[in-house]
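Participant: Pasting a predicted model and its sequence here:
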Amino acid sequence: MNPLKNLSVIRKLVQIATFVFFVYGGSIVGFYIADKVSVALPALSCAYDSQTADFCTLIPFQHQMDHRLGMVIAKGGNIMMGLLPTLITLGTFLLLFVVLSKMFCGWVCPLGTIQEIFHMIGQKLGLRRHESLSEGMVHKLRPVKWLILLFLVFILPVMSGIGFISHDLGDPFCRICPSRFVTSLATGDAGQIFVDTANTTTIVMSVLGDFIFGLIIALSLTVRQPFCRVCPMLALHAAFRKIGLPRLIKNGTSRCDKCGLCAKACPMDIREIHTDMDRRDVTFDDCTLCGRCVEFCPDKDVLQLRYAGLPVFKADPAYFKQRRKAQRQWEGTGKKAKTAPQGV
């Protein structure tokens, strides 16, 4: 199969290109321009990376909850003045989000890219893979991203600004976010992997951050997209998914009941893509619009990636056959391959 006709290969090239720009782009465009590109990126690009060309919206959200809204509440000031910076940041986020929607997760996010690369390494090392998490585990994990968004990005920073809890909890998500370690390490800076002994709070948060980083890297070798499943950015995307221009559309047929390849291909284990026969818009909360379900759908036009209502990539039997063959060659198992669609 021509690699340039393989959607997964095209996506990998986009991921690598955006990873290079967002992690090292500040060295290209300069510090002052990089600082002004946007502070509301809908992906986990981290400000702890000294060379970053941008950083994610979760960073200003936490600081605005802490230094603006929390302090305004503590001093009895005008609440709207405390909320205004957050509303401006949210507006910038939405302007960017409309363009690519949840594709920021599946095509742009540096942490998502690293997880996929480590999973590919795990495949080539022959490690035993967990092709899919159990249905029960998937349902237990789904609320976690909402809880992290609510408590670590909004509630704890506000409480810190008011003075109810330690100021060291003004940016709790950033202290444990794996992207902080991944992007800084990518630039040769290992300074983020340490234990901050300033007080009990910083010790606990820094140890937790180091542990989560190591756990995500280890899990990525055998589990598809482990952190993406609980990422608060994915929750933020889900909250506004209806306004994004890209969509995943399904035209279900009776043959879908006997197939299920789309659900097996999905790195987020969204089984509803297979079982839901009523919705046309199947851009579910956990979907990252990676397009793998469309690639591995054998029935013409049943699944489609659309942009502003126009079909961009559609399920096609001829493509499916070539894609399955390329998958088997990647896995090195020839015609005996029985695993779920993964890898390239």
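Facilitator: Right, received. Where do you want to start?
Participant: what number of residues lie near residue 323?
Facilitator: When counting by other CB atoms under 10 Å, one arrives at 24 neighbours for residue 323. All C-beta spots, glycine's among them, are computed from the backbone N, C-alpha and C.
Participant: That one contacts residue 9, doesn't it?
Facilitator: No - Residue 323 lies out of contact with residue 9 (CB atoms under 8 Å); the separation is 10.3 Å.
Participant: The residue lying closest to residue 290 once chain neighbours are set aside: neighbour count?
Facilitator: Using CB to CB, 6 or more residues apart in numbering and skipping the chain neighbours, the partner closest in space to residue 290 is residue 106 (3.7 Å). By other CB under 10 Å, 27 other residues sit near residue 106.
Participant: How about the secondary structure of the spatially most central residue of the chain?
Facilitator: For the chain, residue 105 is the residue whose C-alpha lies nearest the centre (CA atoms, centre = their mean; 3.7 Å). Three-state assignment for residue 105 (DSSP: H, G, I helix; E, B strand; the rest coil): helix.
Participant: Look up the pLDDT of residue 224 for me, please.
Facilitator: The model reports residue 224 with a pLDDT of 94.
Participant: so how many other residues sit close to the nearest residue to it once chain neighbours are set aside?
Facilitator: Closest residue to residue 224 apart from its sequence neighbours, by CB to CB, 6+ apart: residue 267 at 4.1 Å. Using other CB under 10 Å, residue 267 has 24 neighbouring residues.
Participant: just checking, the residue nearest to the centre of the chain touches residue 227?
Facilitator: No - the criterion here is CB under 8 Å, and residue 105 misses it with residue 227 at 10.9 Å.
Participant: Specify the residue ranges that define each domain of this protein.
Facilitator: Structural domains of the chain, as assigned by automatic domain parsing, span the residue ranges 3-235, 245-329.
Participant: end to end, how far does the first one reach?
Facilitator: Which is domain 3-235. 32 Å (CA to CA, to the nearest Å).
Participant: ok, back up a step: from residue 160, how far out is the residue nearest to residue 224?
Facilitator: Counting by CB to CB, to the nearest Å, the gap between residue 267 and residue 160 amounts to 35 Å.
Participant: Ok, residue 191 next?
Facilitator: Noted for residue 191: a distance of 24 Å to residue 160, by CB to CB.
Participant: try residue 273
Facilitator: For residue 273, the distance to residue 160 (CB to CB) stands at 40 Å.
Participant: which of those two has more neighbours?
Facilitator: residue 273 (28 against 23).
Participant: tell me the contacts of the residue nearest to that one when sequence neighbours are not counted?
Facilitator: Of all residues not flanking residue 273 in the chain, residue 262 sits nearest, at 4.8 Å (CB to CB, 6+ apart). Neighbour list for residue 262: 273, 274, 293, 294, 296, 297, 303 [criterion: CB atoms under 8 Å, 6 or more residues apart in numbering].
Participant: Just confirm residue 262 is within a strand.
Facilitator: No - counting by three-state DSSP, residue 262 falls outside a strand, being helix.
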